[in-house]
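In: have a look at this fold, sequence not included:
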């Protein structure tokens, strides 16, 4: 039994990944709790683990006095000197107790304390391990569904892939392998909670980093990435080496690199766009494969009006507005797309609107003048007629 305790501690440390000092402290706390339970907290006790013999030793401390009042906490000087000849009145004397004399209930209490301490230490260890791994892509095995959420086994811990973070077209069964992005790690009342995502743009970026050595080495930089999970994505890249084409590096030989990413994302279409600091050029590239005729920019509002040929309008907008919506998110500007015909009609209407107010004002002024000039003449004629009638009457 003596040698087994050290062996058990080493085995638990290896299996659970818990610090040995934490486990030893748990053992000491458990044995002390059991001892206090047996003696109903009437004695001053301490527990210490002896590495040499592999046992937790319990010591009872009593105060040396000339006359004993409390037999649980005090000891007579003569009796104390039988244990330690050099002891004096007022000293605290520690005497080792027989730990094996604890009752079954006390031993059960010790067991519960050890289990609780080990569980707490294990949770703390998992949290400390994963809290610095936010932003990483991990591989796991699907264990079960819980109300639409997926429970994924990561080996050391279980993670949660919420329904909102799952791609609608993707379905998993028990024991399937899944690759996901760690979006959040938090401590809850039930322990550490690791939140995974299959929809986060970070998953797209991480996959390209693993597939493209130039990105991992820092030669090519991913400036931004946006997604509509399961359907389409856009990624903007820039090269820090004039001899390296950023788009070509991401595409790979015969599209091998980007195809690996597409396969992992279950067929999600990916547009790779060269980044440029010029918003207009960047917007034109982001709307590819549509061609752009001209661009009008409002720097203050960070918005732009883009004119495209009539036959390119549907291509620029995309299915249900997807292409222009992703492009706007990628460049972080507001984009308004118009066809050539629509733009010309608006220009003509604007020109007509500028001329129309001048003609209207002139016509109104003419009518007003006519009214002013005609009124006195009518009134004069009526006055002459009235005067003539008066003369006839006289």
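Out: Thanks, I have it. Everything quoted here is computed from the prediction, not taken from an experiment.

In: hey, let's count contacts and neighbours off CA atoms from now on
Out: Noted.

In: got any ranges where the stretch 201-350 of the chain has weak pLDDT?
Out: Residues of the stretch 201-350 of the chain meeting the criterion pLDDT under 70: none.

In: show me where it has strands.
Out: Along the stretch 201-350 of the chain, counting by DSSP state E, counting those that start in this stretch, strands occupy 220-228, 232-239, 269-274, 294-298, 303-308, 334-339.

In: pull up the pairing partners for the shortest one, direction included.
Out: Read that as strand 294-298. Looking at strand 294-298 with DSSP bridges, its partner strands are strand 303-308 (antiparallel).

In: got the angle for the partner strand vs strand 334-339?
Out: 20 degrees (axes from the mean of the first three to the mean of the last three CA atoms, to 10 degrees).

In: chain center to strand 303-308, what's the gap?
Out: 33 Å (CA atoms, centre = their mean, to the nearest Å).

In: ok, stretch 207-218 next?
Out: 22 Å.

In: quick check: end-to-end length of that stretch?
Out: 15 Å (CA to CA, to the nearest Å).

In: what about stretch 185-196, start to end distance?
Out: Distance across stretch 185-196, first residue to last, is 9 Å (CA to CA).

In: which outside residues touch it?
Out: With CA atoms under 8 Å, 6 or more residues apart in numbering as the test, stretch 185-196 has contacts from 123-124, 126-127, 130-131, 134, 158-162, 165, 180-184.

In: how about a cut-off of 10 Å?
Out: 119-120, 122-128, 130-138, 150-152, 154, 157-162, 165-166, 179-184 (CA atoms under 10 Å, 6 or more residues apart in numbering).

In: show me which of those residues are buried.
Out: Applying 16 or more other CA atoms under 10 Å to these, the neighbour count classes 122-123, 125-127, 130-131, 135-137, 150-152, 157-162, 165-166, 179-184 as buried.

In: these two touch, right, residue 130 and residue 157?
Out: Yes - if you go by CA atoms under 10 Å, residue 130 and residue 157 touch, sitting 9.4 Å apart.

In: quick one, what contacts residue 132?
Out: By CA under 10 Å, 6+ apart, the neighbours of residue 132 are 184, 185.

In: ditto for residue 114
Out: Contacts of residue 114 by CA under 10 Å, 6+ apart are 23, 24, 25, 26, 27, 28, 29, 30, 31, 108, 120.

In: where does the stretch 51-200 of the chain dip in pLDDT?
Out: 98-107, 109-110.

In: sorry, back to before: which of the contacts of residue 114 are buried? Put it as a ChimeraX command.
Out: To isolate the buried ones among these in ChimeraX, judged by 16+ other CA under 10 Å, type:
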select :23,24,26,27,28,29,30,31
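
In: so which of the strands of the stretch 201-350 of the chain gets nearest residue 198?
Out: Comparing the strands of the stretch 201-350 of the chain against residue 198 with CA to CA, the closest turns out to be strand 220-228 (10.9 Å).

In: check which helices and strands the closest one sits against.
Out: Judged by 3 or more CA pairs under 10 Å, 6 or more residues apart in numbering; DSSP states H and E, the packing partners of strand 220-228 are helix 201-211, helix 213-217, strand 232-239, helix 246-251, strand 269-274, helix 322-331.

In: adding mean neighbour count and distance to residue 213, write the strands of the stretch 201-350 of the chain out as TSV.
Out: Listed next are these as TSV, based on neighbours: other CA atoms under 10 Å; distance: least, CA to CA, whole Å:
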stretch	mean neighbour count	distance to residue 213
strand 220-228	20	9
strand 232-239	21	13
strand 269-274	20	16
strand 294-298	14	36
strand 303-308	20	35
strand 334-339	18	34
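
In: just send these back as TSV, with distance to residue 63 too.
Out: TSV is the format used below for the strands of the stretch 201-350 of the chain (distance: least, CA to CA, whole Å):
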stretch	distance to residue 63
strand 220-228	72
strand 232-239	76
strand 269-274	79
strand 294-298	86
strand 303-308	83
strand 334-339	81
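
In: coming back round to it: now the helices and strands packed on strand 220-228 in a markdown table, with distance to residue 112?
Out: Below are those laid out as a markdown table (distance: least, CA to CA, whole Å):
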| stretch | distance to residue 112 |
| --- | --- |
| helix 201-211 | 42 |
| helix 213-217 | 48 |
| strand 232-239 | 52 |
| helix 246-251 | 56 |
| strand 269-274 | 54 |
| helix 322-331 | 54 |
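
In: ok, which of those comes nearest residue 91?
Out: Of the helices and strands packed on strand 220-228, nearest to residue 91 by CA to CA is helix 201-211, at 65.5 Å.

In: so who does the nearest residue to residue 312 once chain neighbours are set aside touch?
Out: Spatially, and ignoring its direct neighbours in sequence, residue 312 is nearest to residue 290 (5.8 Å; CA to CA, 6 or more residues apart in numbering). By CA under 10 Å, 6+ apart, the contact set of residue 290 is 284, 308, 309, 311, 312, 313, 314, 315, 316, 317, 318, 323.

In: make it 8 Å
Out: The neighbourhood of residue 290, defined by CA under 8 Å, 6+ apart, consists of 308, 312, 313, 315, 316.

In: quick check: can you list the domain ranges of the chain?
Out: Domain assignment of the chain by automatic domain parsing yields the ranges 2-120, 138-197, 201-341.

In: and the ones you listed as JSON lines, adding distance to residue 351?
Out: Shown next, in JSON lines, are those (distance: least, CA to CA, whole Å):
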{"stretch": "domain 2-120", "distance to residue 351": "75"}
{"stretch": "domain 138-197", "distance to residue 351": "49"}
{"stretch": "domain 201-341", "distance to residue 351": "15"}
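
In: of those domains, which approaches residue 354 most closely?
Out: The nearest among the domains of the chain, by CA to CA, is domain 201-341 at 20.1 Å.

In: quick one: end-to-end distance for the closest one.
Out: Domain 201-341 has its terminal residues 37 Å apart, counting by CA to CA.

In: could you check how far it is from the centre of its chain?
Out: 23 Å.

In: the contacts of residue 290 in helices, which ones?
Out: Those of the contacts of residue 290 mapping onto helices are 313, 315, 316, per DSSP state H.
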